[in-house]
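A.B. asks: Got a predicted structure plus its sequence, pasted below:
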Amino acid sequence: MIYDRLVETNYYFGFEYKLLCNMITFFSPKQANVLIFKAFPIKDEDKREYTTKKFAYNTLINAITVTLYKKDYELTRKYIKIAKTLDKSNSNYSYRMNLKYLENLTDWLQTGELKYMQQINNFITILEDIGDSEHAKNVNNEVKELTHNKDSVDNVSYSVGLIKES
């Protein structure tokens, strides 16, 4: 029912992005992919309200997280590529930092190069330094889950991106 509504919608408003953001982890990979390519790029992004863009951006953060847990790195990279085309005004630091963290995590998982883990640790330290200890804890747990339990990702509850009012 929700999937059908989102698939049939031609122009996503704040409500549709909010719905997609919160439900993306519950769709099958095929359904999620269809919806991502339907919802992005954001039509008239420069004319959208901040809240609408925030939910749209976080949809991709959540979708990238799901693909990482499923070890679908090809799709992860496609979503990261789409995500990098958004926020052209560079006004959402939280989005850009979380996106960079997920890109570094993807690079670490695929290459094992130390520089990527250093960047991840820097991100966690920054989160702690600014007092966002809940997000830092979630990121730390996610990194442990994905790096220490590489062969065990079944029945995982994904960390859904937190959206905070600014």
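C.D. replies: Right, received. Where do you want to start?
A.B. asks: residues contacting the residue sitting nearest the centre point of the chain?
C.D. replies: Centroid-nearest residue in the chain, with Cα atoms, centre = their mean: residue 61, separated by 0.9 Å. Counting by Cβ atoms under 8 Å, 6 or more residues apart in numbering, residue 61 touches 83, 95, 98-99, 102, 161. For the C-beta atoms, the positions are set from N, CA and C on the backbone; glycine is no exception.
A.B. asks: Reformat those as TSV; add distance to residue 133, pLDDT and neighbour count.
C.D. replies: Below are these laid out as TSV (distance: Cβ to Cβ, whole Å; pLDDT from 0 to 100; neighbours: other Cβ atoms under 10 Å):
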residue	distance to residue 133	pLDDT	neighbour count
83	25	97	23
95	20	97	22
98	16	97	24
99	21	98	21
102	20	98	25
161	16	52	24
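A.B. asks: Which of those fall in helices?
C.D. replies: Mapping the contacts of residue 61 onto helices (DSSP state H) picks out 83, 95, 98-99, 102.
A.B. asks: Of these, which pair is most distant in space?
C.D. replies: 95 and 102 (10.7 Å; Cβ to Cβ).
A.B. asks: Now do the buried residues in stretch 9-19.
C.D. replies: Neighbour-count burial for stretch 9-19 flags 9, 12, 16-19 (criterion: 16 or more other Cβ atoms under 10 Å).
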